[in-house]
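**Student:** Quick check, what structure comes out for this input:
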Amino acid sequence: MADAAEVEHRLSTAAAGIRAVAGRLDAATAVDGRLHADDTPLTAAALTAAADAAVTDAGGAGVDLSVTPDTLRAGEPVVVALHPRDDGVAAPWARTFVVDGGGGWERRAAVAVEMAHDAVTRVAEPGVPVRRIVDEAVAELGAYGLAPTEDPVARTAAGDPLDRSDDASLATGQVFALDPTAVDPDPAADRGRVRIGRYYAVTESGCRALASLPMSLSPGAY
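**Tutor:** The predicted structure is shown next:
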């Protein structure tokens, strides 16, 4: 399995893909509420092509991208999950963007997800049970009145889910991806989701983020 230095190097090229997606979204215009680029509707395929080209230009092996929802609209969360095509880095690297957002529900959800990351960085250190990572993140979402999805909250760098039943202890040098997704607990609200992922390496005194990117919902921040 790749160590923290190797993962960070691979993520540095993958970051180019996230920035490319952010750039396309930042340049998009809204036509009848739908995002357009070059006078045509902006699509998930166009974002994927931009990300793959940027990563390849940066010296990476390319990426796979999943985009939610299928129709990209102004003022609504667009969740982008980037999967590097590198051995040892299989967990997704996710960001949520809102073009022309009004600072509504999605802003509260973004704060909750950011605080979930903050809570985990305060407790993650050698000897702490792996399940504590998941417990802290889920508890923070709950404190904001939000619920996680059924997707894994955390994974190994290789993509294997970490869950609340895992009593194994974190070890120095271990890499994990924290990837919480917040949704409104009322399914009838149908407000979309906010998902922000980040990789961390466990150090002797705690943990540190690897190849950090902004967590802002604004694509212009990237």
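**Student:** Just the helices from the protein, written as ranges.
**Tutor:** 4-26, 44-57, 105-123, 130-143 (DSSP state H).
**Student:** got the buried residues for stretch 123-138?
**Tutor:** 124-126, 128, 130-138 (16 or more other CB atoms under 10 Å). Bear in mind the C-beta positions are built from the backbone N, C-alpha and C, glycine included.
**Student:** first to last residue in that stretch, what's the distance?
**Tutor:** By CA to CA, to the nearest Å, the extent of stretch 123-138 from end to end equals 14 Å.
**Student:** What average pLDDT does it get?
**Tutor:** For stretch 123-138, the mean pLDDT works out to 95.
**Student:** Nearest to Leu25, out of the buried residues of stretch 123-138: which one, please.
**Tutor:** For these, the residue nearest Leu25 by CB to CB is Ala137; the value is 25.9 Å.
**Student:** Which pair in the buried residues of stretch 123-138 has the greatest spatial separation?
**Tutor:** It's Pro126 and Val138 that sit farthest apart of the buried residues of stretch 123-138, by CB to CB, at 22.2 Å.
**Student:** Take the buried residues of stretch 123-138 and lay them out in CSV including distance to Ala50.
**Tutor:** Shown next, in CSV, are those (distance: CB to CB, whole Å):
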residue, distance to Ala50
Ala124, 33
Glu125, 38
Pro126, 39
Val128, 39
Val130, 35
Arg131, 38
Arg132, 37
Ile133, 32
Val134, 33
Asp135, 37
Glu136, 34
Ala137, 30
Val138, 33
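**Student:** gap between Ala154 and Asp163?
**Tutor:** Distance from Ala154 to Asp163, counting by CB to CB, to the nearest Å: 8 Å.
**Student:** Are there helices or strands packed against the lowest-mean-pLDDT helix or strand in the chain, and which ones?
**Tutor:** Comparing helices and strands within the chain by mean pLDDT, DSSP states H and E singles out strand 147-148 as the least confident, with a mean of 84. Packing contacts for strand 147-148, counted by 3 or more CB pairs under 8 Å, 6 or more residues apart in numbering; DSSP states H and E, involve helix 130-143, strand 181-183.
**Student:** With distance to Gly197 as extra columns, can I get those in CSV?
**Tutor:** Shown next, in CSV, are the helices and strands packed on strand 147-148 (distance: least, CB to CB, whole Å):
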stretch, distance to Gly197
helix 130-143, 11
strand 181-183, 9
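**Student:** closest one to Ala209 among the ones you listed?
**Tutor:** Using CB to CB, the helices and strands packed on strand 147-148 put helix 130-143 closest to Ala209, at 13.9 Å.
**Student:** Now for His9: which residues touch it?
**Tutor:** Neighbour list for His9: empty [criterion: CB atoms under 8 Å, 6 or more residues apart in numbering].
**Student:** bridging residues for Ser169?
**Tutor:** Pro129 (DSSP bridges).
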